[in-house]
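In: output the structure for:
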Amino acid sequence: MRKRAVSFCMAAIMAAGLLSGCSSQTGSGNTAASETKEEVTTSAAPVAAETSGNTQKTSITFWHSMGGVNGKAIDALVEKFNKENTSGITVEAQYQGSYDDAINKLKSAQIGNMGADLVQIYDIGTRFMIDSGWVVPMQQLIDEDKWDLSQVEPNIAAYYTVNGTLYSMPFNSSTPILYYNKDIFKKAGITEVPDSLPGIERVGDDLLKKGGAGEVISLGIYGWFFEQFTCKQKANYADSGNGRESAATAVDFDKNGSGVKR
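Out: Sure thing, here's the model as predicted:
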């Protein structure tokens, strides 16, 4: 029988669950935004366990995509947990590369029932993880342990909730960040930093002609930014309620106007 996983996210906020999660794509380098949201999922299959004295020892394999500094933070958290928990649980954290690498490795591993017990999967993998049948919804663990879900920021929890069920625990949720060049703004005589795309457009000519900027704004070639712009307009990126009501079959931004609004 294949391993099933529990979806949950750790809270940096990476959505995590027993068998799913999110982190930096390359593991190093700086970007204009903290990558995408992540989730962690856990496997419902029995994990390696042995009994020693009165304590049953359990080993849990945790696949993640946190490289660089974030990877060191994960290692530190895992080491701290292994030292402090009194339930005989040992977690082994294993870096699996980018989000895409991790989910592809998971797909291959699950065929032979070799997947991890706990996996960090990015937000866009939520629908796949639900449909795969591999995961135990985080909501099930929350209900069984009567855990206080109010400790998780509601808007973030909602991102991983489908039909009233929290499938993965937020762990490394990201947000776009805009940086600006103070020297160029000062040279252009701009004293108020814009906080919207129309605002950036209004100061664009001054940045180019007076400030000496080569471009008004630049973004990484990453569809997640467009997804965030669509969300800020309270519009759906895809049909079927962004895939929450049923499997999405087409994009919606070309019909609801969010693709042309500013």
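In: SS state for Ile221?
Out: coil (DSSP: H, G, I helix; E, B strand; the rest coil).
In: if I look at it, how far off is Ser65?
Out: From Ile221 across to Ser65, the span is 19 Å (CB to CB, to the nearest Å). From N, CA and C alone the C-beta is placed, and that goes for glycine too.
In: which one's more surrounded, these two?
Out: Ser65 (31 against 5; other CB atoms under 10 Å).
In: that one contacts Ala102, doesn't it?
Out: Yes: contact criterion CB atoms under 8 Å: Ser65 and Ala102 qualify, at 4.8 Å.
In: show me the shaky parts of the chain.
Out: 1-55, 261-262 (pLDDT under 70).
In: quick one: the strands in it, in order.
Out: 5-8, 11-13, 38-43, 48-52, 55-64, 89-95, 118-122, 135-136, 161-162, 165-166, 169-172 (DSSP state E).
In: just the CA trace of the fifth one, in PDB.
Out: Meaning strand 55-64. What follows is strand 55-64 as a C-alpha-only set of coordinates in PDB (Å, rounded to 0.1, in the frame of the first residue of the first chain):
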ATOM      1  CA  THR A  55       9.500   4.700  25.000                       C
ATOM      2  CA  GLN A  56       8.800   3.800  21.500                       C
ATOM      3  CA  LYS A  57      11.300   5.300  19.200                       C
ATOM      4  CA  THR A  58      10.000   6.700  15.900                       C
ATOM      5  CA  SER A  59      12.000   8.000  12.900                       C
ATOM      6  CA  ILE A  60      10.500  10.500  10.600                       C
ATOM      7  CA  THR A  61      11.900  11.500   7.200                       C
ATOM      8  CA  PHE A  62      11.300  15.200   6.300                       C
ATOM      9  CA  TRP A  63      11.800  16.300   2.700                       C
ATOM     10  CA  HIS A  64      12.200  20.000   2.200                       C
END
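In: now the angle between strand 89-95 and it, please.
Out: Taking axes from the mean of the first three to the mean of the last three CA atoms, to 10 degrees, one finds strand 55-64 and strand 89-95 inclined to each other by 20 degrees.
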